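In: pasting the sequence and the predicted model now:
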Amino acid sequence: MDKTTLAAYREFLKDSLRLAIDFSQTDQNRGEPPPPVQKPPRDDQVLIPLPGRESFGDFAGTDLIDAIAHRCSHRRFRDESLSLAELAFLLWATQGVREVLQPGVALRTVPSAGCRHAFETYLLVSDVTDLEPGIYRYLPLDHALVLEAAPESLRPALSRAVLNQGFVAAAPVTLVWTVIPYRMEWRYHTAAHRVIAMDVGHVCQNLYLACASIGAGTCAIAAYHQELMDRLLNVDGEEEFTIYLAPVGKIWESGK
Ligand SMILES: Cc1cc2nc3c(=O)[nH]c(=O)nc-3n(C[C@H](O)[C@H](O)[C@H](O)COP(=O)(O)O)c2cc1C
């Protein structure tokens, strides 16, 4: 391995860059308004409200210590739908808003550097009760979904986009997180990208643990075809692009 190249890439993992940044020149400190907390829906999109926290009582009682002790990646799922309340719970656990502090700033169920929360959540739905198959997006401020597209051959397209990791497309639903880097760059300039990579891990870890409450499992996926996945979601690949994804489905008690 070429040590110089490796050393250059390793720099990304260090916080040395921060000392070189002139923070007076960030868009935030130059008085630019904060970017929106969530990508606004299009005018033609109808909000699909999701069951709220009052319906999450059914999922209470999971022992956190058990959930942590038994957390593992699942790649085989039962042929069983997820209910809309279960999906709503997973979305709330991964990106739900706890409190809006001011325009452009909202606390969520996961931490984020500078509370910038640079992610959008897309759902590739094949088998969720009360939802037609299609591509949806979660609106955390509204705790609602919007339908983005309903392509005819969603599963084959997803399978290609995840480099033929077949178990992903077989799941009833796959969460795909995109990043809108400017939300973080607005405050942190070039120190944004390292913390974005950290932040998305928190999101997926909450998904692993929340799955334990609904008898479901998931598997973090970082290997995918960037262009195909972005095209599937209809995002531009520059201002917004895929960063991580995770299929979710019901599991057998002991099966992986
Ligand atoms: C950042 C990250 C990327 C991963 N990408 C993939 C992937 O593309 N495909 C896959 O099958 N598993 C993927 N995994 C799952 C790991 O293979 C799995 O976590 C690891 O083998 C340990 O198993 P465990 O999660 O059951 O403890 C990924 C996990 C992480 C944290």
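Out: Everything's here; your move. Numbering: from 1, shown residues only.
In: what sits against residue 11?
Out: With contact set as Cβ atoms under 8 Å, 6 or more residues apart in numbering, residue 11 has these partners: residue 17. C-beta coordinates here come from the backbone N, C-alpha and C atoms, glycine included.
In: what segments of the stretch 51-200 of the chain are helices?
Out: For the stretch 51-200 of the chain, the helices defined by DSSP state H, counting those that start in this stretch occupy 64-70, 84-95, 154-161, 166-170, 182-188, 192-213.
In: turn these into JSON lines, columns for mean neighbour count.
Out: Converted to JSON lines, those look like this (neighbours: other Cβ atoms under 10 Å):
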{"stretch": "helix 64-70", "mean neighbour count": "11"}
{"stretch": "helix 84-95", "mean neighbour count": "24"}
{"stretch": "helix 154-161", "mean neighbour count": "19"}
{"stretch": "helix 166-170", "mean neighbour count": "18"}
{"stretch": "helix 182-188", "mean neighbour count": "21"}
{"stretch": "helix 192-213", "mean neighbour count": "19"}
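In: can I get the ones you listed in CSV with mean pLDDT and distance to residue 106?
Out: Shown next, in CSV, are the helices of the stretch 51-200 of the chain (pLDDT from 0 to 100; distance: least, Cβ to Cβ, whole Å):
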stretch, mean pLDDT, distance to residue 106
helix 64-70, 96, 25
helix 84-95, 98, 10
helix 154-161, 97, 30
helix 166-170, 96, 30
helix 182-188, 98, 11
helix 192-213, 98, 14
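In: now the ones you listed as CSV including distance to residue 140?
Out: Below are the helices of the stretch 51-200 of the chain laid out as CSV (distance: least, Cβ to Cβ, whole Å):
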stretch, distance to residue 140
helix 64-70, 23
helix 84-95, 5
helix 154-161, 23
helix 166-170, 24
helix 182-188, 13
helix 192-213, 11
